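Colleague: please work out how this folds:
(one chain, ligands or ions: 1)
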Amino acid sequence: MGDVDRHDRRDGIDMTTDDTVTEKPDLEAFRTDAAAWLAEHLEPKPRSSGKRPWGVGSDSLAVFHQLTFEEERDLLQANLDWQQKKYDAGYGALTWPVEYGGRGLPGAYERAFRREESRFVTPKAHETHSVSMGLVGNTLRVLGTPDLREQFLRPLLRSEILACQLFSEPGAGSDLAGLSTRAVRDGDDWVVSGQKIWSSGAQFSQWGELLTRTNPDAPKHRGITAFMLDLSLPGVEVRPIKQMSGGSTFCEVFLTDVRIPDRYRIGEVDGGWKVALTTLGFERGGGGEARGGTYRDVFELAKWLGVTKDPVVRQELAELYIGHHVLSLGARRAAERHKAGLPPGPEGSISKLLFTRQQSRVAETAAHLLGPRLAANTGEWGTFAWSSFLLGRVGNRIAGGSDEIQHNIIGERVLGLPDEPRGDRDVAFKDIPR
Ligand SMILES: Cc1cc2nc3c(=O)[nH]c(=O)nc-3n(C[C@H](O)[C@H](O)[C@H](O)COP(=O)(O)OP(=O)(O)OC[C@H]3O[C@@H](n4cnc5c(N)ncnc54)[C@H](O)[C@@H]3O)c2cc1C
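Modeller: Numbers count the residues shown, from 1 in each chain. Predicted coordinates:
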């Protein structure tokens with residue numbers, strides 16, 4: 001088995017934002033102004049109990065987009081347009097330091113704004129947008145040179161450009177430090193060749209945060225260098241992958257003798273592991289967006305099928321409710337850590353596991369209730385739609401570190417169990433059998 005370091009170290013990561021601000025408005029006045037501004041620009045959401053009314057509107061429960069290229073591009077564009085509007089009005093980067101284009105306000109203002117925003121109809125979220133601002137933007141904020149911050153931060157925050165994450169390779173996923181895309185120094189440039197995979201949103205991005213191998217003589221964690229890669233450079237080929245759930249949200253990215261100027265390097269030469277851990281820290285700390293079926297959707301399904309008196313079904317529904325409640329307690333705990341300016345701890349692994357388990361339970365209960373309707377499309381609203389949730393939710397068990405990796409982290413860092421045997425930690429990368 002490979003190395004599990006992808007998700008288990010946080011050395012040197014500063015997750016906090018600078019709370020210094022020249023003028024901090026009164027929170028309630030801020031909330032009132034934000035609500036008025038939102039009402040000017042958006043339609044209010046119809047009042048509801050939080051459940052989607054049975055038989056009304058789309059019944060999609062897809063975890064990943066199942067859209068054509070044009071549909072997905074338009075969805076993303078709607079996200080970008082909304083972010084630009086917010087940014088220009090001063091609501092788009094509330095907690096970011098003023099020097100990087102934010103307002104330098106504490107997290108309470110962000111939460112207040114989000115609560116107000118949630119009462120209105122906004123474009124459906126798209127993960128490339130969160131990767132761009134939340135992962136790449138934050139990494140550059142913490143580790144970028146002044147020139148990189150100057151070039152990228154404001155355009156990323158204002159969503160004028162998008163940046164994806166170019167980490168995983170066919171031979172380096174959980175064992176990310178085993179990556180083999182080569183970068184060789186040539187004057188002021190680096191010449192890069194190799195292949196990335198699983199690159200979410202690369203087909204819509206202008207830039208990517210790229211990890212490369214620069215020193216094969218060093219042990220694997222110590223010979224990696226990170227860059228910002230302009231995806232329009234000669235030698236870069238982005239190929240979307242068709243997924244079994246229907247959509248095409250990931251890409252393969254092939255790099256052939258791509259010349260990256262050294263000024264696009266993030267961090268030290270051979271110091272890219274720290275950059276990787278910083279980005280991954282933001283990835284796990286962010287919690288991500290959950291799309292697809294929830295326990296509420298299963299309740300509605302059970303009611304529609306008229307099986308809520310069945311004792312076994314009742315037990316399953318109770319289990320789902322408990323799972324939902326425990327999950328929200330974990331989310332609150334993570335929010336408290338964030339509020340206190342602490343980096344996400346190993347409990348992020350617990351939350352992630354609880355989340356993927358809950359999704360599995362939701363899927364299994366829906367499958368049990370639906371029987372053959374899950375596999376054969378009878379045309380009934382809210383039935384066959386579950387099949388895309390069943391297929392897509394598996395992706396969440398892998399993304400951001402697989403379930404097994406989360407177990408390893410909890411074993412080693414929470415329970416203090418002996419480390420997994422890692423024979424290749426001190427061996428030169430070129431000598432590791434592959
Ligand atoms: C929805 C989604 C979005 C993604 N987006 C991106 C992206 O934008 N950019 C990017 O770079 N990558 C992205 N990824 C890739 C993701 O980070 C990797 O898929 C993940 O790290 C697992 O790597 P792998 O697929 O190579 O599987 P492997 O690492 O080969 O794992 C295969 C199996 O072996 C198990 N395993 C591996 N090592 C151990 C161990 N030490 N102990 C126990 N079990 C182990 C795993 O749990 C898994 O079940 C995305 C993945 C998904 C699913």
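Colleague: state the mean pLDDT of the longest strand along the chain.
Modeller: In the chain, taking DSSP state E as the definition, the longest strand is strand 250-261. In this model, strand 250-261 has a mean pLDDT of 97.
Colleague: what lines up beside it in the sheet?
Modeller: Paired neighbours of strand 250-261 in the sheet (DSSP bridges): strand 189-196 (antiparallel), strand 236-241 (antiparallel).
Colleague: quick one: which of those is nearest the ligand?
Modeller: Nearest to the ligand, of all the strands paired with strand 250-261, is strand 189-196, at 6.4 Å by C-beta to the nearest ligand atom. All C-beta spots, glycine's among them, are computed from the backbone N, C-alpha and C.
Colleague: who touches the closest one?
Modeller: Strand 189-196 is contacted by residues 166-170, 179-184, 202, 208, 210, 212-214, 225, 227, 229, 235, 252-262, 265 when judged by C-beta atoms under 8 Å, 6 or more residues apart in numbering.
Colleague: restrict these to contacts with the ligand.
Modeller: L166, F167, S168 (C-beta under 6 Å from any ligand atom).
Colleague: for the residues you listed, pick the one with the most neighbours.
Modeller: Neighbour count (other C-beta atoms under 10 Å) singles out L166 as the most crowded of these, with 31 neighbours.
Colleague: list the buried residues in stretch 106-114.
Modeller: For stretch 106-114, burial by neighbour count (16 or more other C-beta atoms under 10 Å) applies to P106, G107, Y109, E110, A112, F113.
Colleague: what's the spacing between the fourth one and G235?
Modeller: Spelled out, it's E110. To G235, E110 is 40 Å away according to C-beta to C-beta, to the nearest Å.
Colleague: what do you get for the first one?
Modeller: According to C-beta to C-beta, P106 and G235 sit 44 Å apart.
Colleague: ok, now which ones touch T181?
Modeller: E169, V192, S193, G194, Q195, K196, L210, L211, T212, R213, L255.
Colleague: redo that, cut-off 10 Å
Modeller: Neighbouring residues of T181 by C-beta atoms under 10 Å, 6 or more residues apart in numbering: 166-167, 169, 172, 192-196, 210-213, 224, 253, 255, 258.
Colleague: following the strand or helix carrying A366, which helix or strand shows up next?
Modeller: Assigned by DSSP states H and E, A366 belongs to helix 347-370. Using DSSP H and E, the helix or strand that follows helix 347-370 towards the C-terminus is helix 386-392.
Colleague: I'd assumed R333 was in a helix, is it?
Modeller: Yes: using DSSP: H, G, I helix; E, B strand; the rest coil, the assignment for R333 is a helix.
Colleague: okay, the closest residue to it other than its chain neighbours and the ligand: tell me how far apart.
Modeller: Leaving aside its chain neighbours, R333 sits nearest to E347 (6.5 Å; criterion: C-beta to C-beta, 6 or more residues apart in numbering). Separation of E347 from the ligand (C-beta to the nearest ligand atom, to the nearest Å): 20 Å.
Colleague: count the neighbours of E347 for me.
Modeller: By the criterion of other C-beta under 10 Å, E347 has 15 neighbours.
Colleague: Q195 now?
Modeller: Q195: 16 surrounding residues under other C-beta under 10 Å.
Colleague: return the list of helices and strands in contact with the helix or strand where R114 lies.
Modeller: Using DSSP H and E, R114 sits within helix 107-117. Helices and strands touching helix 107-117, as assessed by 3 or more C-beta pairs under 10 Å, 6 or more residues apart in numbering; DSSP states H and E, comprise helix 27-41, helix 69-88, helix 311-339.
Colleague: how near is the closest residue to the ligand within the stretch 101-250 of the chain to A183?
Modeller: At 1.9 Å from the ligand, G173 is the closest residue in the stretch 101-250 of the chain, using C-beta to the nearest ligand atom. According to C-beta to C-beta, G173 stands 20 Å off from A183.
Colleague: which of these two has more residues huddled nearby?
Modeller: Neighbour count, other C-beta under 10 Å: between G173 and A183, A183 has more, with 27 against 19.
Colleague: can you tell me the element the nearest residue to that one once chain neighbours are set aside falls in?
Modeller: Computed as C-beta to C-beta, 6+ apart, the closest residue to A183 that is not its neighbour in sequence is T212, at 3.7 Å. Using DSSP H and E, T212 sits in strand 207-213.
Colleague: which parts of that strand are buried?
Modeller: Neighbour counts using 16+ other C-beta under 10 Å place W207, G208, E209, L210, L211, T212, R213 of strand 207-213 among the buried residues.
Colleague: give me the angle between it and strand 250-261.
Modeller: When axes from the mean of the first three to the mean of the last three C-alpha atoms, to 10 degrees is applied, the directions of strand 207-213 and strand 250-261 differ by 80 degrees.
Colleague: can I get strand 207-213 in CSV? Just the C-alpha atoms.
Modeller: The C-alpha coordinates for strand 207-213 follow below in CSV (Å, rounded to 0.1, in the frame of the first residue of the first chain):
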residue,chain,number,x,y,z
TRP,A,207,-4.7,28.2,-14.7
GLY,A,208,-3.8,25.2,-12.6
GLU,A,209,-1.9,24.7,-9.4
LEU,A,210,0.6,22.1,-10.6
LEU,A,211,2.9,19.7,-8.6
THR,A,212,6.0,18.4,-10.3
ARG,A,213,9.0,16.2,-9.6
